[in-house]
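Peer 1: how does the following fold in three dimensions:
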Amino acid sequence: MKDLLIDYSNNHEDISQPLIFWPSVMILLLSVVGIMWSLETPFAFSDVSPILNWGTLFLMVMTVYCFLISFVLAIGLIPFFISTIMLFLWLENLGYSIMYISIYGITFSLYGIYRGRRIQNNLRSVIEDLQMVIIAPILLLSKIYTKLGIHVFDPTNKRR
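Peer 2: Numbering: from 1, shown residues only. Now for the predicted structure:
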C-alpha cells in the first residue's frame with residue numbers, strides 16, 4: 001500500500017497549480033461517487049438500508065481500503081465520506097439529477113486536472129489520475145496532516 005502512495009506521490013510532483021489541481025481531484029471523486037449513486041440498485045440493497053446504493057458501497061469499500069493503509073488517515077476521511085453522503089441525500093431531496101451534476105463535475109474536474117499539471121500536461125496523466133481516484137484523497141490528507149504536524153506515513157519521503 002505504501003508503494004502505491006509513493007508512486008502516486010512521485011507522479012504528482014509536477015503540479016504547477018495546486019489550487020486548481022487538488023479541488024479538481026476531489027470533485028472527480030465526488031462525481032464518480034455521484035454517478036455510482038445514480039446507477040440502478042438491486043432490491044436487496046433497499047432491504048439492508050434505504051441509502052445503500054453503489055455510491056455508498058463504493059465509499060464503504062474505500063473506507064476499508066483507507067483503514068488498511070493508515071488508521072489515522074481513515075479516521076480523517078470519515079467526515080468527508082459522511083458529508084458526501086449527506087450532500088447526495090440533500091440533492092436527491094431537492095430533486096436534482098445527481099447523474100447530470102456528476103457528468104458536469106467529471107468534465108470540469110478532468111479539465112482542472114489537465115490544467116493543474118506542469119510537465120505531464122497530457123491525456124495519459126489525466127487517465128492515470130482517473131484510475132487513481134481512490135488514492136488522491138488519502139495523499140491529500142497525508143499532506144495536510146504533515147503540514148499540521150500529525151505523524152502519518154509521508155509518501156513524499158522517498159525512503160521506504
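
Peer 1: number of nearby residues for residue 108?
Peer 2: By other C-beta atoms under 10 Å, the residues close to residue 108 number 15. No exception for glycine: its C-beta is placed from N, CA and C like everyone else's.

Peer 1: tell me the confidence at it?
Peer 2: Residue 108 is assigned a predicted lDDT (pLDDT) of 92.

Peer 1: distance of residue 84 relative to residue 46?
Peer 2: To residue 46, residue 84 is 20 Å away according to C-beta to C-beta, to the nearest Å.

Peer 1: those two - which one has more neighbours?
Peer 2: More neighbours surround residue 84 than the other of residue 84 and residue 46, with 20 against 12 (other C-beta under 10 Å).

Peer 1: wait, doesn't that one sit right on residue 30?
Peer 2: Yes - between residue 84 and residue 30 a contact is recorded at 6.3 Å, counting by C-beta atoms under 8 Å.

Peer 1: grab the nearest non-local neighbour of the residue most central in space within the chain.
Peer 2: The structure's the chain has its C-alpha centroid closest to residue 29; by C-alpha atoms, centre = their mean the separation is 3.7 Å. Closest residue to residue 29 apart from its sequence neighbours, by C-beta to C-beta, 6 or more residues apart in numbering: residue 133 at 5.3 Å.

Peer 1: and that neighbour, how many residues sit next to it?
Peer 2: 19.

Peer 1: how about it, secondary structure?
Peer 2: Using DSSP: H, G, I helix; E, B strand; the rest coil, the structure places residue 133 in coil.

Peer 1: need phi/psi at it.
Peer 2: For residue 133, the backbone dihedrals are phi -60, psi -30 (criterion: degrees, to the nearest 10).

Peer 1: can you give me the buried ones in the helix or strand where residue 47 lies?
Peer 2: Per DSSP states H and E, residue 47 falls inside helix 43-48. Buried residues in helix 43-48, counted by 16 or more other C-beta atoms under 10 Å: residue 45.

Peer 1: so what's the gap between it and the chain middle?
Peer 2: 26 Å (C-alpha atoms, centre = their mean, to the nearest Å).
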